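K.L.:
fold the following.
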Amino acid sequence: MKIAEPSMTQTEQWKIKNRRKMPSSIRLLEEEIMLLRVAMERMYDLEESFQSDRVIDLSQRLDVKINEYMHYYRYSLQ
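P.N.:
Below you'll find the model as predicted:
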């Protein structure tokens, strides 16, 4: 029995198709996003509060990186 694969958005399909063509700076940005997300999750586990200054700081830094990433895709897909 074949398991149905989850459908992908146009952006996800584009990312997979063009992964090798992506500038190394974008790959680094993806890594930064992943590391910041993990750091924020760990900090939340330590602080046990989303209102902690350290959690908020990491969240804001993550927001900046995600916005940079989305900006790249918004203008490269046009």
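K.L.:
when you work out contacts or count neighbours from here on, use the C-alpha atoms and nothing else.
P.N.:
Will do.
K.L.:
quick one: low-confidence parts of this structure?
P.N.:
Scanning the chain for pLDDT under 70 picks out 1-8, 10-23, 77-78.
K.L.:
and with 80 instead?
P.N.:
1-24, 73-78 (pLDDT under 80).
K.L.:
what about the helices in it?
P.N.:
10-17, 24-47, 53-76 (DSSP state H).
K.L.:
dump these to a markdown table, plus mean neighbour count.
P.N.:
Converted to a markdown table, these look like this (neighbours: other Cα atoms under 10 Å):
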| stretch | mean neighbour count |
| --- | --- |
| helix 10-17 | 12 |
| helix 24-47 | 15 |
| helix 53-76 | 14 |
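K.L.:
what residues are up against His71?
P.N.:
If you count contacts by Cα atoms under 8 Å, 6 or more residues apart in numbering, His71 has none.
K.L.:
which residues does stretch 30-43 contact?
P.N.:
Contacts for stretch 30-43 (Cα under 8 Å, 6+ apart): Arg54, Val55, Leu58, Ser59, Arg61, Leu62, Lys65, Ile66, Tyr69.
K.L.:
again, but for stretch 47-63
P.N.:
Under Cα under 8 Å, 6+ apart, the answer for stretch 47-63 is Ile33, Leu36, Arg37, Ala39, Met40, Met43, Tyr44.
K.L.:
switch the cut-off to 7 Å
P.N.:
Ile33, Leu36, Arg37, Met40, Met43, Tyr44 (Cα atoms under 7 Å, 6 or more residues apart in numbering).
K.L.:
gap between Met70 and Ile26?
P.N.:
To Ile26, Met70 is 11 Å away according to Cα to Cα, to the nearest Å.
K.L.:
pipe the contacts of stretch 30-43 into a markdown table and attach distance to Tyr75 per row.
P.N.:
Shown next, in a markdown table, are the contacts of stretch 30-43 (distance: Cα to Cα, whole Å):
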| residue | distance to Tyr75 |
| --- | --- |
| Arg54 | 32 |
| Val55 | 30 |
| Leu58 | 26 |
| Ser59 | 24 |
| Arg61 | 22 |
| Leu62 | 20 |
| Lys65 | 16 |
| Ile66 | 14 |
| Tyr69 | 10 |
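K.L.:
looking at the residues you listed, spot the one nearest Thr9.
P.N.:
Among those, Tyr69 lies closest to Thr9 (Cα to Cα), at 16.2 Å.
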